[in-house]
Structures are given as C-alpha cells and as structure tokens.
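Peer 1: take a look and give me a structure for this.
(2 chains)
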Amino acid sequence: MSQDMTVIAENLVWGVRRRVIVDNVSLTVRQGETLGLIGPNGSGKSSLLRLLAGLKRPQSGRVEINGRDIAGIPRRILAQQLAFVQQNAATDTNVSVRDVVRLGRTPHRSALSGWSGADEAAVAKALERVDMADRRGQPWQTLSGGERQRVHIARALAQSPRVMFLDEPTNHLDIHHQIEILRMVRDLDLTSIVALHDMNLAAMFCDRIVVLRAGAIVACGTPREVLTAPLLRDVFRVDAAVAAVAGTDRPHIRFQPG
Amino acid sequence: MTAAADREGGAGWPALFILLVLAGLAFAVALAAAIGDYSISLSTVVLAVTNGLGLTGAEILPIEQSIVWDLRLSRALVAALAGAGLAICGAILQALLRNALAEPFVLGVSAGASTGAVCVIVLGIGAGGLSLSVGAFIGAFAAFALVALLSNGATSGPNHTILAGVVASQLFNALTSYIVTTSGNAQQARDVMFWLLGSFGGVRWPDFQLLIVVVLLGLAICLWMAQSLDAFTFGDEDAAALGVPVARIRLILFAVTAMMTATIVSMVGTIGFVGLVVPHAVRHVVGPLHLRLLPACAAVGALFMVLADIASRVLVAQQTIPIGVVTALVGVPFFALILYRSRPQT
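Peer 2: So this is what the prediction gives:
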C-alpha cells in the first residue's frame, strides 16, 4: 500500500538550552486517523506537533512519514504532503479570503510557473469544503475568528496534503464553531494530528488520544482507554466524573468543583 | 472595476496601471530634461535624445544637445532608478519584517553609509584615492554586516532584526556625529548634511550604467522570490510550513536590499520616505501579491522620484532644495491622505 501515510516518531528529544521540552517521545499515527494531543500547559504539545511536522529539528530521534525520515526531505517537497495550521495566525496585510487560500498552492508552484487550472481547482475545492466559496472576495480583516480558522483550514487543504497538523484550532472560538471545526477535521479524508485543550472535544472527535506530561507520553489509546478519572486527577490535577456514553466509545467528562 | 473584481480577473488591471505609470514616467523624464535655468522645448528634448541614441541626426544647438544628453537626461534616469530601487526595497522589507514601518534604511544602511562618507570627506581616509561613493558603500555594507551578525544571519525573527537595525543605526549615527564634531570644520559639516539629505547633482552616465544593472538585477531576484514573499503573510513559521526555506530567503533578500540601498545611497545620499510610502500607496492599487506589487512599486517609485527632482529644482529659483526634503514635503500630505482614507471604519 504505497498510499499509506503513516507518521512514526522514534525517541524524539527536543529542548531549549538544558530544559527538555519533548522527552523521548515515540508514537505511530495510522493512515486516516485523527489523533488528539492533550496535556496541561507547558506539557510540550505544540513543540511535539512542530517536531512531527518538520518545523523544528529534533535533538535526537527521528520522524518518518511513509517510511522516509523527514530530516532528509527538502522543505518544499515536505510541504506538498504535510500542512500545518497554526493557532490564531494573524496578518496586517489587506488580503482577501482567496489570496489566503491561494498561499496553500505555494509548495506546488515553481518560481516562474503561472497559476494553473489544477491550482484553481484545488483552491475552489478547498473553499467549498469549508463552506467559504461565496466569501472568496471578502477581505481577511473583516472575518470573524471562526471564519478565519476555516480559511486557514481551507488554505491547508489547498496544499493537497496527506497529513494535517493543527495546533489548538478551536482556541477562542465559541462552542458551535469549536464543534464545527473539529467535525470538519474529523471528516476529512486525511491523517490529522490535533493539539487540543478541551478533553470533551478530544473525546468526541479523536480516534485516539495521546496524553503528554512534562514532554513525555503518559497514556495513549482510544478516548475510553485514556480519559479516566485517575488519569485526569494525576495529570491535570482535577477531580472529574467520567461517564460512559451509551453506544459509543466516547466518554463524557464532568469536572467536579471540588 | 472594483478591487475584488480585478483580483479575480487576473493581471489585467495591474498591467494597465504599470503601463500608465511608465507612460507618465517617460513624460516626466522628458519634462525633467526640459526644465531648468536654461529652458529647452520638449520637441528639442526628444530630438536631443534620439540624436544621443544615434537614431537621428537632427540639427539642434550643441549646447542644448549637451545639456539634455550629458546633464539632465542622465540625472533624470538615475533619479528614476533610485526611486524604483528604494520602493522595491521598501516593499521587500515590509513583507519580510511584517512591519508597516519598515523601509530601506531600517537595517542601518543609511547610517553606515553616512559614517563611510564622513570618513572620506572629513578624515580623508583613502587619501583621495577613495571617492565619497566608495566610502559610503563600504560603510553601508559594514552596517548591514553588523545587523546580520546581531540577528544571527537574520534568522532570529522580524523584531530581533529591527532591533539590530536600530542598534546599528544608533552606533553609526553616533560615530558620524563624533567624527564631524571633533574633526570637521563648518564647511565639511555642511557638505555632510547636504549629502545626507540627498542630491542628484553631479550624477552622470557611469552612475546610470552601474545603477541600472544593480536595480534590474535586484528586481529580477525579488520577482524570482515573489511567491515566497507572499508566503510570509502569516509569519515565518507559516512560510516554513508552506515549504519556503525561510532562513535562506531572508538572508538573500536582506543582502539584495542592502546591496541596492547601499549603491543608491552611495550615489545620491539618503533619500527618505520613498521606500516607506510608495509600497503602501501601490498596495492600495494593485493588491498585496508581490508578483504585481514589485513591478508596480518600481514604476511608481521611479515616477515619484523624477517628479520630486523636478520640484527640487523649480520650487526655489536659482537654488536646488535637497531631494530628501522634497520627498518628505510632497510625500507626507499624500501619505496622510492614504492613512486617513484607510482608517478603521468603526
């Protein structure tokens, strides 16, 4: 199966000066899977996400995508397969929605190649997918937070990636838009890796969840396997009642005021 | 045609805009060659130019031929190239540093150039063998090297680079003031100040030949990287995620802008405002995509500078106002208008 887009991390270590931020992380993300990264503030979610996406170089260890070490793949080639959605990426430039989504075609174009039919089709399809096709001419600055995040996802989709990384894509969104964004990500026919804060959202939308503490993996598995009251107390220092939801593998977490 | 529609419609409107500006530029250059203490008719200017190019052999007064071809035309064309180069550099730096206030002198290049120039004018370094231009060029590049060093080869992010530029500017400005106050006489201080404010007096064809190579080469390199520049819209990391080799592109483009700015400054002094204002104004007309923005900036910067040079010669009879004064005086009201019209509507 050459179409497989498995992401494998082996013994990743990364830090700043003497502080270790990602501590010997190994994991495997399967083709088509939605993997959630959760953990308290400062647990290394964002750094791990950047290591996996090749935006940071690990001090030791390696990341393999489809059997190849990404350290040996040029940036542009990597960007044809991996897309990264930052949290709250902002700009002062007066760009339109379409201009932003067009940026997603950057890794597929050479310096002198014109704007091709394939580029146009990818942009149109991406705008369609996030339901922003009729807003293509609108200035970026006039969009709401949820709309901006949708446009960022459209831009990532225009890259025609096989793997998508999202760093807290639901930050600062209201609950309707949080669910809308994550449903969109889950339904994409892609391998996606999402750093999340909200455990109930992770439980609702992720196939598997990785829990980080101090840069190391403390648990990895389906939401039901991972999100247990003892783990939440241990890692997040909260008391919670974890209730099974009938007919699903996805628990519901109710935090106790203590 | 609305702004949204023309973006959808491709390159039609920006191309037309650039053509219109270039036509205006041709007229402005002819005007610049006609206007002066010795006034020459436009038709004579055209004949003098075609004579100079060897296309015609029309009989006009030798003095008029000489004034147009040897003095005013080269001056006007150098002004056009300097304006084009500064505007391109401004657009590049505003994109790379993601800062609306960025302009060609933000990397300390002008301060370095002035130090180099006073070393030659006041201290006499090089003992006559070194021209003011060469001194300014060396100083400009020394400042750029310092900024590159302080910002780890420009890889430390926009704010770090801007701070490094501020530090370099302060250092070289202090050195300039120190040299002028301790070693210079009044006449030298005045020379330095005039040079700093910019002047096209004394530029000739060799200057034009050097400048056209530098500016066209710079524009070509920047256009080659136009798509990568667009990718910086949401910052360095975002550009990297889009497959742009961020550190390499930054360093190359900083070096190209430093090269262009240093060459221009060493020829005509530090002419402010063009590099800051023109990119902002042009973005309003052709949008933010660099493949259109950069050529449009070059054309508008050239036109603006030629007009400013004409103004500097005619505003006060028998006297040339420093070009930097004119660009600021003409530019500020214009820029104020843009700022006012683009203010937030809330």
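Peer 1: how many residues are close by the closest residue to chain B within the stretch 51-200 of chain A?
Peer 2: Across the stretch 51-200 of chain A, the shortest distance to chain B (Cβ to the nearest Cβ) belongs to residue A:79, at 2.9 Å. C-beta: built from backbone N, CA, C; applies to glycine. Residue A:79 has 26 neighbours, counted by other Cβ atoms under 10 Å in any protein chain shown.
Peer 1: check contacts around it.
Peer 2: A:106, A:107, A:159, B:241, B:242, B:243 (Cβ atoms under 8 Å, 6 or more residues apart in numbering or on different chains).
Peer 1: out of those residues, which one sits closest to residue B:267?
Peer 2: Nearest to residue B:267 among these is residue A:106, at 36.1 Å by Cβ to Cβ.
Peer 1: run through the residues that contact the residue nearest to the closest one when sequence neighbours are not counted.
Peer 2: Leaving aside its sequence neighbours, residue A:106 sits nearest to residue B:242 (Cβ to Cβ, 6 or more residues apart in numbering or on different chains; 4.3 Å). Contacts of residue B:242 were listed using Cβ under 8 Å, 6+ apart, and they are A:79, A:103, A:104, A:106, A:107, A:159, B:231.
Peer 1: any idea how far residue A:110 is from residue B:224?
Peer 2: Separation of residue B:224 from residue A:110 (Cβ to Cβ, to the nearest Å) stands at 10 Å.
Peer 1: where does the residue most central in space within chain A sit: helix, strand or coil?
Peer 2: Most central in chain A under Cα atoms, centre = their mean is residue A:166, positioned 2.2 Å from the mean C-alpha point. Under DSSP: H, G, I helix; E, B strand; the rest coil, the three-state class of residue A:166 is strand.
Peer 1: one more: residue A:5?
Peer 2: What three-state DSSP gives for residue A:5 is coil.
Peer 1: do you know the pLDDT at it?
Peer 2: Residue A:5 carries a pLDDT value of 75.
Peer 1: shouldn't residue B:114 be in contact with residue B:172?
Peer 2: Yes: in this structure, residue B:114 is within contact of residue B:172 by Cβ atoms under 8 Å, at 6.9 Å.
Peer 1: residues contacting residue B:272?
Peer 2: For residue B:272, the contact set (Cβ under 8 Å, 6+ apart) comprises B:103, B:105, B:324, B:327, B:328.
Peer 1: try 10 Å this time
Peer 2: Residue B:272 makes contact with B:86, B:103-105, B:110, B:196-198, B:323-325, B:327-328, B:331, according to Cβ atoms under 10 Å, 6 or more residues apart in numbering or on different chains.
Peer 1: between those residues, which is nearest chain A?
Peer 2: Distances from chain A to the contacts of residue B:272, taken by Cβ to the nearest Cβ, are shortest for residue B:103, at 15.7 Å.
Peer 1: mind listing what residue B:300 touches?
Peer 2: By Cβ under 10 Å, 6+ apart, residue B:300 lies in contact with B:17-18, B:21-22, B:24-25, B:83-84, B:87, B:274, B:277-279, B:281-282, B:285-286.
Peer 1: which stretches in the stretch 1-150 of chain B count as helices?
Peer 2: B:3-8, B:12-34, B:42-52, B:62-66, B:74-96, B:109-121, B:132-150 (DSSP state H, counting those that start in this stretch).
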